[in-house]
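*Asks:* here are the coordinates; sequence isn't available:
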C-alpha cells in the first residue's frame, strides 16, 4: 500500500486557518451598498459559514490590515483576529466563504509591483466583484452621511466628494472592461429592487440561491444615511435619495461641478444615462442666479 501524502495548503490558507469553498474580493465606493451585498453573499454561502474582512487597506495583505472582521456573519474581536487569526476563524471551518472588501479603492490604480492586496496570492480567488451605484443616489447618500458628522466642515465635505468623484469615474471605466478582465459587476440599484437580478448574479458566481432576500440593514457606517430606524433592507428607499437631496444647496453645488466633468459625464452616459441626462440639464443652468454676486 502506498503511504498517504499530506496535502500542503497554500500559505494564505494556513494563515487563515481554513480552506475556503468560495473566495471573493469586493470593490466599491462607500455608500454603494457594499455591506448589504457582502451580507447577501455570505447568506448564500454553500456551507452557511463565512469569514468577512471589512474595509481592508489597499496595498497590504487583507489578513493583516482590515477595519473589522465577521465570523459566520457575527462581528468578531479585531484584536483577537490580529493576534491569532486561525483561532478566530475556527468556527467557520473548511469550505466557508471568504469575502474581502475594499472601499473607495479602484484596483486599476495599483501597479504589478504594488498590488491592491499586497502579497496575497490572487490566484486563490474565486472571483473579483465591482459594485457600482447610480451617481445621483450615491452622491446624495455620501453627502447626507457626512452632513450628520460634526467633524466635517462644509469645505471638507465638498473636498471629499470631489476627490471621490475621480475614483468613482475610474470605477465605471473599469466596469466597462469587466468582461475582458473577468470582473463581476453588481449594479446596486438593480440588485436592491430586482430579485431576478440578484439570482442571476449568484448564478454567475456559481452560487445557489439559498437566501435571496435583501436581509437586514447593515449597521456599518451608522446604517442608512436617511432611515436610521429601518431594520429591514426592504424598507429602504435607496432609489430616490437624489430626490430627497434635490433642494440641498451643497448637493446642488457639487452637481454643478460634476455636470462639467467631461470624464465623469462620458462614463455616466454609458452606465447611467438617466443620471447623465439630468446632469446635462444642470450644466445648462447658471450656478448662480443673475446678479448673484452683485
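*Replies:* Arrived safely. Small disclaimer: the values here were computed from a predicted structure and weren't measured. Numbers count the residues shown, from 1 in each chain.
*Asks:* Now do the strands in the stretch 151-294 of the chain.
*Replies:* Under the criterion DSSP state E, counting those that start in this stretch, strands of the stretch 151-294 of the chain are mapped to 183-187.
*Asks:* OK, contacts around residue 55?
*Replies:* With C-beta atoms under 8 Å, 6 or more residues apart in numbering as the criterion, the residues that contact residue 55 are 66, 67, 68, 101, 102, 103. Any C-beta I mention is one placed from the backbone N, CA and C, and that applies to glycine too.
*Asks:* how about a cut-off of 10 Å?
*Replies:* Taking C-beta atoms under 10 Å, 6 or more residues apart in numbering, we find residue 55 in contact with 30, 34-35, 62, 65-68, 100-105, 220-221.
*Asks:* how far out from the middle of the chain is the helix-or-strand element of the chain with minimal mean pLDDT?
*Replies:* Across the helices and strands of the chain, the lowest-confidence element by mean pLDDT, DSSP states H and E is helix 241-245, at a mean of 86. Between the mean C-alpha point of helix 241-245 and the mean C-alpha point of its chain there is a distance of 21 Å (C-alpha atoms, centre = their mean, to the nearest Å).
*Asks:* Please indicate which of the contacts of residue 55 are buried?
*Replies:* The neighbour-count criterion (16 or more other C-beta atoms under 10 Å) marks 30, 34-35, 62, 65-66, 100-105, 220 among the contacts of residue 55 as buried.
*Asks:* sorry, back to before: so which of the contacts of residue 55 belong to helices?
*Replies:* Assignment to helices by DSSP state H places the following of those there: 34, 35.
*Asks:* Closest to residue 246 out of the contacts of residue 55?
*Replies:* Using C-beta to C-beta, the shortest approach to residue 246 within the contacts of residue 55 belongs to residue 30, at 21.2 Å.
*Asks:* Surely that closest one touches residue 171?
*Replies:* No. The pair formed by residue 30 and residue 171 falls short of the contact definition of C-beta atoms under 10 Å, at 11.7 Å.
*Asks:* Pull up the overlap in contacts between those two.
*Replies:* The contact sets of residue 30 and residue 171 overlap at residue 104 (C-beta under 10 Å, 6+ apart).
*Asks:* The longest helix anywhere in the chain packs against which elements?
*Replies:* Scanning the chain for the helix with the most residues, using DSSP H, yields helix 154-176. Using 3 or more C-beta pairs under 10 Å, 6 or more residues apart in numbering; DSSP states H and E, the elements in contact with helix 154-176 are strand 22-28, strand 127-132, helix 135-147, strand 183-187, helix 249-258, helix 262-271.
*Asks:* Now tabulate these in JSON lines and tack on mean pLDDT.
*Replies:* Written out in JSON lines, the entries for these read as follows (pLDDT from 0 to 100):
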{"stretch": "strand 22-28", "mean pLDDT": "97"}
{"stretch": "strand 127-132", "mean pLDDT": "96"}
{"stretch": "helix 135-147", "mean pLDDT": "94"}
{"stretch": "strand 183-187", "mean pLDDT": "97"}
{"stretch": "helix 249-258", "mean pLDDT": "93"}
{"stretch": "helix 262-271", "mean pLDDT": "97"}
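*Asks:* In a markdown table: these, plus distance to residue 121 and mean neighbour count.
*Replies:* Conversion of the helices and strands packed on helix 154-176 to a markdown table gives the following (distance: least, C-beta to C-beta, whole Å; neighbours: other C-beta atoms under 10 Å):
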| stretch | distance to residue 121 | mean neighbour count |
| --- | --- | --- |
| strand 22-28 | 10 | 24 |
| strand 127-132 | 14 | 21 |
| helix 135-147 | 32 | 23 |
| strand 183-187 | 18 | 20 |
| helix 249-258 | 39 | 17 |
| helix 262-271 | 31 | 17 |
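*Asks:* Show me the one of those that comes nearest residue 43.
*Replies:* Evaluated with C-beta to C-beta, the helices and strands packed on helix 154-176 place strand 22-28 nearest to residue 43, the distance being 12.8 Å.
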